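> Below are the sequence and a predicted model for it; my questions follow.
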Amino acid sequence: MTWSVGAGLQGRGVIVTGAAGGMGRPVAEAFATTGARVMAVDLHQDAADEVVADLEGPGHVGVGIDLADLAAQEELIARAQRELGGVYALAHLAAVLRRRGSVDDVTEDDWDFQVDTNLKATFFLCRAAANAMRAGGQGGRIIAFTSQGWWTGGFGGSVVYCASKGGIVSMVRGLARTYGPDQITVNAVSPGQVNTSMLMTDLDPAVYQQMLEATPLGRVAEPHEMAGTVVFLASQHAGFISGATINVSGAMLMY
Ligand SMILES: NC(=O)c1ccc[n+]([C@@H]2O[C@H](COP(=O)([O-])OP(=O)(O)OC[C@H]3O[C@@H](n4cnc5c(N)ncnc54)[C@H](O)[C@@H]3O)[C@@H](O)[C@H]2O)c1
């Protein structure tokens, strides 16, 4: 056995969603260093292509699609099977947050947008990816992204986002049970506060200060600090980890 964080990923097909985002980009970069072939997926083709242009090694592909479009998801998985030679891992980071001042400001559209993107799209994408992994016959890895809000429930206007992320934890547990017999592991990564546009856009400086005080490490994470956990979960070293929610929060919460 090779002892390195990305062992077993050489030549494998890996899909990274939200790849042009704060954490998705370093996750795609980290996978590329393992020798995996990366399909970098985000809303816009040019942004996905930009990520691919910077990846180490050959065989990577950029795809611009809206993952909330379920028909486009099917085409994405078919393309990954053709162009990467199979799907071994899915690292699904794409998600949206609509910050609202109070729970009374939340609209039906806010609910639909966040739940459709964060939860509904995740279910159908994970299922399509798992079927491709089953077809490959070599097992697989699904890594979804939740948030500490799955545990806390958030507050006021962030309740909808947090509910969608709570759904991810439940779903990961059910999918881990479903796909275990095919040697497909399913896990969630739960970041604390991470320095990306999702966190920093419209963030009240007083709330930011409270976040620092609530985090024993005394800082927010940098986006690349999530990538090692994701690559490890996709590696051969993590073959018996399934149904887990990995807390990467700088001790903000402990579970
Ligand atoms: N930043 C944080 O502090 C934090 C904390 C906890 C959890 N998270 C979670 O971590 C993950 C990564 O977050 P981030 O901070 O890198 O966010 P980000 O906003 O920087 O990146 C998210 C990416 O997803 C893409 N995306 C959104 N909707 C899409 C769709 N329908 N189809 C395709 N692509 C779509 C966006 O274009 C963007 O590039 C998310 O699941 C987020 O909920 C973030």
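Yes, it's here. Residues are numbered from 1 along each chain as shown.
> Look at the closest residue to the ligand within the stretch 1-150 of the chain and say how many residues are nearby.
Going by C-beta to the nearest ligand atom, the ligand is nearest to Gly21 of the stretch 1-150 of the chain, at 2.0 Å. Quick note: C-beta positions are derived from backbone N, CA and C, even for glycine. Using other C-beta atoms under 10 Å, the number of residues around Gly21 comes to 23.
> Also Leu217?
Leu217 sits with 12 neighbouring residues when counted by other C-beta under 10 Å.
> quick one: contacts for the closest residue in space to it that isn't next to it in sequence?
Leaving aside its chain neighbours, Leu217 sits nearest to Gly250 (3.7 Å; criterion: C-beta to C-beta, 6 or more residues apart in numbering). With contacts defined as C-beta atoms under 8 Å, 6 or more residues apart in numbering, Gly250 is in contact with 192-193, 215-217, 219-221.
> Tabulate these (CSV), appending distance to Ala206.
Output for the contacts of Gly250, formatted as CSV (distance: C-beta to C-beta, whole Å):
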residue, distance to Ala206
Gly192, 18
Gln193, 14
Thr215, 15
Pro216, 20
Leu217, 20
Arg219, 17
Val220, 15
Ala221, 20
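> Looking at this structure, which helix is longest?
helix 159-179 (DSSP state H).
> So for stretch 54-71, what gets flagged as buried?
Neighbour-count burial for stretch 54-71, counted by 16 or more other C-beta atoms under 10 Å, picks out 55, 59-65, 67-68.
> do the same with stretch 160-170
Applying 16+ other C-beta under 10 Å to stretch 160-170 flags 160-169 as buried.
> quick check, nearest of these to Gln210?
Closest approach between those and Gln210, by C-beta to C-beta: Cys162, at 16.6 Å.
> one step back: can you narrow the buried residues of stretch 54-71 to ones near the ligand?
With C-beta under 6 Å from any ligand atom as the criterion, these include 67-68 near the ligand.
> Just the buried residues of stretch 54-71: which are in helices?
Short answer: the buried residues of stretch 54-71 have none in helices (DSSP H).
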